[in-house]
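Engineer: Coordinates for the following, if possible.
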Amino acid sequence: MKASFLFKWYILFKSEFSYFFKNYISINVHFLILSELKDIELILIKNKKIYISFLFLLVLLLQSPYCQTSNYKIRTISFYNVENLFDTIDNPDTFDEDFTIKGKYKYSSDIYWDKIENLSRVISEIGFDKTKSSPVIVGLAEIENRYVLEDLINSKYLKNGQYNIVHFDSPDRRGIDVALLYKEKYFKPLDQKVFEVRVWDTSGKRIYTRDQLLVSGLLDDELIHIIVNHWPSRRGGQLISSSKRAKSAFVTMQIIETIKAEYGNSKIIVMGDFNDDPTDISIKEGLKSVGYLKNLNDSLLFNPMEQMFIKGFNTLGYRDGLNLFDQILLSEACISLNNTYETFKFFRAGIFNPNYLITQNGRYTGYPFRTYKNETYNNGYSDHFPVYIYLIKKNKLTIDNNK
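Structural biologist: Residues are numbered from 1 along each chain as shown. Coordinates of the predicted model:
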């Protein structure tokens, strides 16, 4: 479509724009495909109202941060449950025997290095289409120890990212922990600590689960607090096990209150595999989350994954059902309620699920492509898809794509 053609209709209908702005402000314009303008033109010629809508969408698109990347810094923050990233050595203090060469999965060094390379590829591509770089911060679940993290950040796809590690061993009996990877160029940790989650089964026996990891630091020059979670599973049934996740939510909220008591209204990002969906009680009530920005206040968390879940998106398949257990929630200080981005603010959330991460055939078509199929090595990735958010900030002088 010629520029003069668009300009003519812009002048003709510009008086209508305020009406459409009020009525269509919630339209998600990034699905507009500009390469099909010629086809769109043929359709638009037939209907004046469609012309107005199209021109409005075009103006919004051109005014959006997508089309003004030179004015914004953009940072990707992600979370990934990497599914059983164990080394091949038997730890006598944990139940990791299945992931040894003599164990249930015949877990060899070749399989281990395949998994390291596979996972590093995934992480390197999260958010790359917008930032041309891997995430600045990556929360991880189901890693055995610091050694596997060292191998991961020094692997083929991540070794140039200059990542560093925050990790503590947790009391989980399987030996799996949460951790945080960060690019030293962009994030500088100031404080890091873990919080124990003490839960018991119905017989009163202590269940040793993952700690919650809090890392506070400077993203560029801005203080943010990141809480990495991996809540207790639904083993035994969702209802029976729900009290464990309720306790986990209580611990998370205690951490948040501690942060607010010291720093006031702060930028807090809560991420993890919660083993509950965005609409479940542990998330909605336990974490005091909302799925709509209009309902947000400084005592609540915004959960961008809630609307995704309602629309049918998922990050895993569990017992023949689709779930969105992997989520990233944000405090009000992370949200720009007036569309100003003088500091880093939430822009968009997503699920990273390219075709190579998806099972393409068989009973589990559409599910994440796992490392193992039953007990047979599958050369896959994980039983979860990664999730991510973009934070953006006005930068009128230069383009910064994390280079």
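
Engineer: What separation is there between the closest residue to Ile74 other than its chain neighbours and Tyr377?
Structural biologist: Distance criterion Cβ to Cβ, 6 or more residues apart in numbering; nearest residue to Ile74, sequence neighbours excluded, is Ile392 at 5.0 Å. From N, CA and C alone the C-beta is placed, and that goes for glycine too. To Tyr377, Ile392 is 41 Å away according to Cβ to Cβ, to the nearest Å.

Engineer: Same drill for these two, tell me which one is more crowded.
Structural biologist: Each of Ile392 and Tyr377 has its neighbours counted (other Cβ atoms under 10 Å); Ile392 has more, 21 against 16.

Engineer: In contact with the more buried one, which residues?
Structural biologist: Ile392 makes contact with Pro65, Tyr72, Lys73, Ile74, Arg75, Tyr341, Phe344, Lys345, Phe347 under the criterion Cβ atoms under 8 Å, 6 or more residues apart in numbering.

Engineer: tell me the contacts of the fifth one?
Structural biologist: Contacts here follow Cβ under 8 Å, 6+ apart; on that basis Arg75 touches Thr131, Val136, Ile137, Tyr186, Leu219, Phe344, Tyr390, Leu391, Ile392, Asn402.

Engineer: Just the pLDDT at it, thanks.
Structural biologist: Looking at Arg75, its pLDDT is 97.

Engineer: element containing it, please.
Structural biologist: Arg75 belongs to strand 72-85 when assigned by DSSP states H and E.

Engineer: Identify all contacting residues around the following helix or strand past that strand.
Structural biologist: Next in sequence after strand 72-85, counting helices and strands by DSSP H and E, comes helix 109-125. Applying Cβ under 8 Å, 6+ apart, the contact partners of helix 109-125 are 78, 80, 82, 85-88, 105, 134-135, 138, 148, 151-152, 155-158, 161, 181, 352, 354, 357, 371, 377, 379-382, 386.

Engineer: Could I get the CA-only coordinates of stretch 127-139 as PDB?
Structural biologist: The C-alpha trace of stretch 127-139 is given here as PDB (Å, rounded to 0.1, in the frame of the first residue of the first chain):
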ATOM      1  CA  GLY A 127      13.300 -13.500  24.000                       C
ATOM      2  CA  PHE A 128      15.900 -13.400  21.300                       C
ATOM      3  CA  ASP A 129      13.500 -12.300  18.600                       C
ATOM      4  CA  LYS A 130      13.100  -9.000  20.400                       C
ATOM      5  CA  THR A 131      16.400  -8.400  22.200                       C
ATOM      6  CA  LYS A 132      18.800 -10.300  19.900                       C
ATOM      7  CA  SER A 133      20.200 -11.800  23.100                       C
ATOM      8  CA  SER A 134      19.500 -14.400  25.700                       C
ATOM      9  CA  PRO A 135      17.600 -13.500  28.900                       C
ATOM     10  CA  VAL A 136      19.300 -11.200  31.400                       C
ATOM     11  CA  ILE A 137      17.900 -13.200  34.300                       C
ATOM     12  CA  VAL A 138      16.900 -16.900  34.300                       C
ATOM     13  CA  GLY A 139      15.200 -18.600  37.300                       C
END
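
Engineer: Check which residues of it are buried.
Structural biologist: Gly127, Lys130, Thr131, Ser133, Ser134, Pro135, Val136, Ile137, Val138, Gly139 (16 or more other Cβ atoms under 10 Å).

Engineer: Give me the spatial nearest neighbour of the first one, chain neighbours excluded.
Structural biologist: Once flanking residues are discounted, Gly127 sits nearest to Thr76: 3.1 Å by Cβ to Cβ, 6+ apart.
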